[in-house]
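In: model this:
(one chain, ligands or ions: 1)
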Amino acid sequence: MRPALETNPPTSPVLGENGLTQVLALVVEEVRDSISRDINGADLLYSLLGAPWLQSLLKAYECLQQYLRSSPRPYLPFASGLSRKVLTDVTPMVGPSPDARELYDLLRGPHFQALLLAHDMVAQKEFEPVLPPLPADLPIDEEAMRIVCLVKNNQPLGATIRRDGASGEIFVARVIHGGLADRSGLLRAGDRLVEVNGHPVFGLEPEQIINILAGSHSTIMFKVVPITDRPVNNQTMLYVRAMSDYSPHEDPAIPCVDAGMAFRKGDVLEIVDQTDALWWQAKKLPSTSLCAGLIPSTSLLKRKHKELWWSQPFQTQAGLQTLATVDEEDDLMAIDVRCVETDEEAFESEELKEDESECSSNVQGVYLAGFRRSLRLCRRHKTQASSYGQTCTSRCPSSCINALENPYEEVVRYQRHPEDTRRLIALIGPSGVGVNELRRRLIEVDPKTYQGAVPHTTRPPKSYEESGREYHFINREQFDNMAYNNRFVEYGEHKGYLYGTSIDSVKQVLDSGKVCVIDIEPQGIQAVRTHELKAYIIYVKPPPAESMKLTRKNSQIITKYYINRPFKDEDFQEIEEAGSKMESHFYQFFDHVIVNDSLQESCVQLLTTVRRAQEEPQWVPAFWIRPTDQRSGYGPLTSVLDTAH
Ligand SMILES: Nc1ncnc2c1ncn2[C@@H]1O[C@H](COP(=O)(O)OP(=O)(O)OP(=O)(O)O)[C@@H](O)[C@H]1O
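Out: As a prediction, the model looks like this:
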C-alpha cells in the first residue's frame, strides 16, 4: 500500500464526504501498479474495482451518508398540493410568459409528479404499516394466533401435516425448504393448525384437510397457533454424492411421496435441512428449482440398505464383492474349441512378435508404457486378490466406501491450483470397449503432456527390454512386499508372473508435471480415489451391440487365445452386458462417461474432458481436501453426516 494510506490508523479512518470514492481511487491506482508488476489476481481485482456498478453503488452510499448526517426534513408536508395549486393558477393565464410556460410544463411532467408524491409520502411517514386496534375485550388466556393467507399458484404448498394421535390436534409436520409455505416465512414445523379456509380442523383426519386445501381456489387461509420453541437452525451447507439410487415411489415409509426427491447413484445433492433425524431435505445439483425434496437421512438409508441386504441373501450385493461375479462371467466366456491354446511355445513366439511391435511404439522419442498384451491379459485373471489373502477393503481402508456403509459421500468443490500436480486420469470400461485405444490415442496426441505409468513385473526382462521403460523388473519377494504395503493400484498374475501398476509409478509421472493416464479395473477404483492421486475417473461406455457391429467391422480384439482376431457378435453382447454390470455397481464413482461409438468423436471428447478435469472446478470427496488428521477411515464422512442434526 502507499504511504498515504498507511499513515491513516486502520481502525478509525475519518473520511470526508467523498471519502470512500477517494480511497477507492487510491486502491485502483495501487492495483494498476500491481498489474504491471504481474501480481497474480491483480487484473481481476482491477476490473472489479473499476466496474461502473460499484462506482454507482458508492455514489448512492455516499449520498445516503451525507443525508444521514444532515438529517433533512421535508420542506413542505404536502408539496403535490402546492404544485396542483400553481397549475390551477397558471392555466387560465392569457399569454403567459416563457417562464410561466416552462414551469407549467415541468409541473405537469409525470416523473415530476411522481417525485412530489414520493416526497409527500415520506414527509407524512405513510410507509409505516397501519395496524388495526386490538379488541378491548380480549380474554387473558387467549392463545396468540396467526392468520396466514397464501396465494395459490401452480406450485405445491410445500408443507406436510400430522395428527397427534392422543390429542387429535393437527400440526404442521415439516415445511419444505424453498416451497410456497417456506418462502412466506409464516408457517413453521410445529405450528398447530386451528382452521383452514374457515373450517375448524380439530379432530379431522389429515386426508380431510388435504381435501379442503385441494378445493380452495385463489387463496388459502390458515389460522395457526405458532410453535413457541423454534429449533435454532445452525446447520452448515453440506454437499454429498449419492452412492445408491433412491425412489420415493418405491418407499412406503416416506411421509409424503409428492414431497420426496428421487436420485440416482452419482448425483450430487445439496442437503439444505437436516433438522429431522430421519428425513432430510435436499436439492439435486445442478438445480434450477427453488423447492427442496425429502430424502432419507444417512442413518435411515443405511437401515433401508441393510434391510434390503438381509431380505435378498442370495443376490449379489452392490459393492466391491460384485467384481467376482463380473469376472467369473469373463472367465466363463464361451470358449471356441478352435481358439484353445495348444502350443505354449507357439503362443510365446507370437507374444514376442507382439512385444517387438510394441517396442516400436515410440512417439516423439517417448516409449508408451503400459500397453503390453501380457499385462492386459493378466488383469482379466481376477484371482490375484484372493491369492494374496487380501480384499480391496483391507488394502485401502482409508478410502473404501460402499453404499451399504456410506450411502452418501460428502463432497466439496475442488479447483486445482495451476501449480499443484495434475489429477490422475483413470479410464475404466468393459474389456474390448476401447479403453486402451482411447488412452493410446490421447497420449500420442501430446506425449509431452500425457503419459502412462510404467508397470512392475516379476517376469525376467527380454533382451531388448530396459528396466523402467517397458516394465520395472523386480523379484517376487519385492513384488509381494509392495502388494503387502498397498503400493499397487491393482495387480494380477499371468502365466506364473505377477504384473501390477504401482502408486509410485503413477506418482512419478504426476511429479514430473505430466498428466498420468492409466486404465483400471473396478477393484482399482478405491486405490486411486485418494488425496494423493485425486483420480478423475472416466467410464468408457459401450454403445448398443448393433452399433458396435457397424463401427468395429475392421477392428480386432485381444483374447486369451488369439493375439488379435476380428470381433464376433458374442463379443459385442458380452461387452454390452459387462458394461451394464459395471455401471450398475460402480456408476457412483464415475466423474464422466464417454460412449465410445465413433472413435473420432470419443477421442475429441476425451481430450476435452481431460483438460476440463485439470482446469475446471469439480466435486471431489471431502476427505481429499480435509487436513491430514481427519483423513483416515470412514471417520469424516460418517461423523459429519451422523452428527449434523
Ligand atoms: N470407437 C471404436 N470404433 C472402432 N473400433 C474401435 C473403437 N474403439 C476401440 N476400437 C477397437 O476395438 C479393439 C479393442 O479396443 P481396445 O484394445 O482399446 O480394448 P480395451 O477396452 O482396452 O480392452 P482390453 O483391455 O481387454 O484390451 C481395438 O482393435 C480398437 O482399435
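In: okay, now the residue of the stretch 301-450 of the chain found nearest the ligand: neighbour count?
Out: Relative to the ligand, the nearest point of the stretch 301-450 of the chain is residue 434 (2.7 Å; Cβ to the nearest ligand atom). C-beta coordinates here come from the backbone N, C-alpha and C atoms, glycine included. Using other Cβ atoms under 10 Å, residue 434 has 25 neighbouring residues.
In: excluding its backbone neighbours, what's nearest it?
Out: Closest residue to residue 434 apart from its sequence neighbours, by Cβ to Cβ, 6 or more residues apart in numbering: residue 596 at 4.5 Å.
In: measure the one you found to the ligand for me?
Out: 5 Å (Cβ to the nearest ligand atom, to the nearest Å).
In: and that residue, what is it in contact with?
Out: For residue 596, the contacting residues are 429, 433-434, 438, 540-543, 602, by Cβ atoms under 8 Å, 6 or more residues apart in numbering.
In: Do you know the pLDDT at it?
Out: Listed pLDDT for residue 596 reads 97.
In: Could you do residue 558 as well?
Out: The model's pLDDT for residue 558 equals 76.
In: ok, residues contacting stretch 266-284?
Out: Taking Cβ under 8 Å, 6+ apart as the rule, stretch 266-284 contacts 174, 176-178, 189, 231, 233, 235, 237-242, 254-255, 261, 263, 285, 287, 289, 292-297, 299-300, 408, 411, 587-590, 619, 644-645.
In: circling back: greatest separation within the contacts of residue 596: which pair is it?
Out: Farthest pair in these (Cβ to Cβ) is 438 and 543. Separation: 13.6 Å.
In: Of those two, which one has the most company?
Out: residue 438 (24 against 21).
In: Hmm, residue 603 and the more buried one touching each other?
Out: Yes: using Cβ atoms under 8 Å, residue 438 is in contact with residue 603, at 6.4 Å.
In: which parts of this structure sit against the ligand?
Out: By the rule Cβ under 6 Å from any ligand atom, the part of the chain lying against the ligand is 376, 429, 431-437, 551-552, 555-558, 596, 599, 602.
In: what about 5 Å?
Out: 376, 431-437, 551-552, 555-556, 558, 596, 599 (Cβ under 5 Å from any ligand atom).
In: Of those, just the buried ones, PyMOL syntax please.
Out: If you want just the buried ones from the residues of the chain next to the ligand in PyMOL, going by 16 or more other Cβ atoms under 10 Å, the selection is:
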select buried, resi 376+431+432+433+434+435+436+437+551+552+558+596
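In: Among the residues of the chain next to the ligand, give me the pair with the biggest separation.
Out: Among the residues of the chain next to the ligand, 376 and 551 lie farthest apart (Cβ to Cβ), at 20.9 Å.
In: Name the residue most distant from the centre of this structure?
Out: Within the chain, the residue lying farthest from the chain centre (Cα atoms, centre = their mean) is residue 94, at 75.2 Å.
In: For it, report the pLDDT, please.
Out: Per the predicted model, pLDDT is 82 at residue 94.
In: And it, how close does it get to the ligand?
Out: On the measure of Cβ to the nearest ligand atom, residue 94 and the ligand end up 92 Å apart.
In: Thanks again, I'm all set now.
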